[in-house]
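Student: predicted structure and sequence below. I'll ask about it afterward.
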Amino acid sequence: MFFYKHLLKEKNLSLLRPSEKLRAYTPDSEYKDNTYGHSYCDVVLCDVKKLRNNSWTFLNTERENQIQAHTIFRYMPFMADGFIFYCPEVPCYRNKKIFLASKIAQKKFKGDISRFISLTHEQSQNFTRRDINIWPIAENHLESNHKNIKKPFIYQDYRQSIALKYLYEIERGIYRAVQFIINKF
């Protein structure tokens, strides 16, 4: 249901094969060789009866759910016609706090959130009728409401520049150290 990230294009092309019959992309190798990500995704359409029949319970973390799914089910096909995706360059919060690096990065948006322009009916029809070998790479099919959004898309605003990334890393390190001290005492 997701579009693919351009940054992971080569990985996806090497691990998945298009299936016109399913209108999906399926892992090319045996189940035991697949990564956990081929078994579970936080946003998923699922067969509730099948989950209940296998005593499925949602666990606390994405990783725990991936491992559980990997032990119960085969691989998960990925829909060829994505309809959701991450907004590019969104503010990066940690524990309800926005870091200085994100505040600086967000100045170019003047308080507006970056989002995608909805596809027109015609664009949507063309997208769902395209040859399955034309992969649903976000950058090839989606446009942002902000013309200065970088392509390939980045998903955390502080990654706009090396300086902001380093500032964020320093802030995150300080934040973690403070949290460690608070939790220790």
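Tutor: On my side now, so go ahead.
Student: model confidence for Met1, exactly?
Tutor: For Met1, the model assigns a pLDDT of 56.
Student: do the same with Gln106
Tutor: On the pLDDT scale, Gln106 gets 86.
Student: what secondary structure does the most centrally placed residue in the chain sit in?
Tutor: Residue closest to the average C-alpha location in the chain (CA atoms, centre = their mean): Tyr86, at 5.8 Å. Reduced to three states with DSSP: H, G, I helix; E, B strand; the rest coil, the structure at Tyr86 is coil.
Student: how close does the closest residue to it other than its chain neighbours get to Phe99?
Tutor: The spatial neighbour of Tyr86 that comes closest, neighbours along the chain excluded (CB to CB, 6 or more residues apart in numbering), is Tyr155 at 5.0 Å. C-beta: built from backbone N, CA, C; applies to glycine. Remark: distance between Tyr155 and Phe99 (CB to CB, to the nearest Å) = 15 Å.
Student: how about the strands of this protein, start to end?
Tutor: For the chain, the strands defined by DSSP state E occupy 16-19, 24-27, 78-79, 93-94, 97-98.
Student: and the ones you listed as CSV, adding mean pLDDT, mean neighbour count and distance to Gln106?
Tutor: Shown next, in CSV, are the strands of the chain (pLDDT from 0 to 100; neighbours: other CB atoms under 10 Å; distance: least, CB to CB, whole Å):
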stretch, mean pLDDT, mean neighbour count, distance to Gln106
strand 16-19, 88, 15, 35
strand 24-27, 86, 19, 34
strand 78-79, 85, 18, 32
strand 93-94, 74, 12, 11
strand 97-98, 82, 12, 8
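Student: can you redo those strands as CSV with distance to Phe2?
Tutor: Listed next are the strands of the chain as CSV, based on distance: least, CB to CB, whole Å:
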stretch, distance to Phe2
strand 16-19, 13
strand 24-27, 11
strand 78-79, 7
strand 93-94, 21
strand 97-98, 25
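Student: quick one: closest of those strands to Leu119.
Tutor: Comparing the strands of the chain by their distance to Leu119 (CB to CB), the top pick is strand 78-79, with 15.6 Å.
Student: closest to Tyr175 out of the strands of the chain?
Tutor: strand 93-94 (6.5 Å).
Student: contacts for that closest one, please.
Tutor: Ser102, Arg172, Tyr175 (CB atoms under 8 Å, 6 or more residues apart in numbering).
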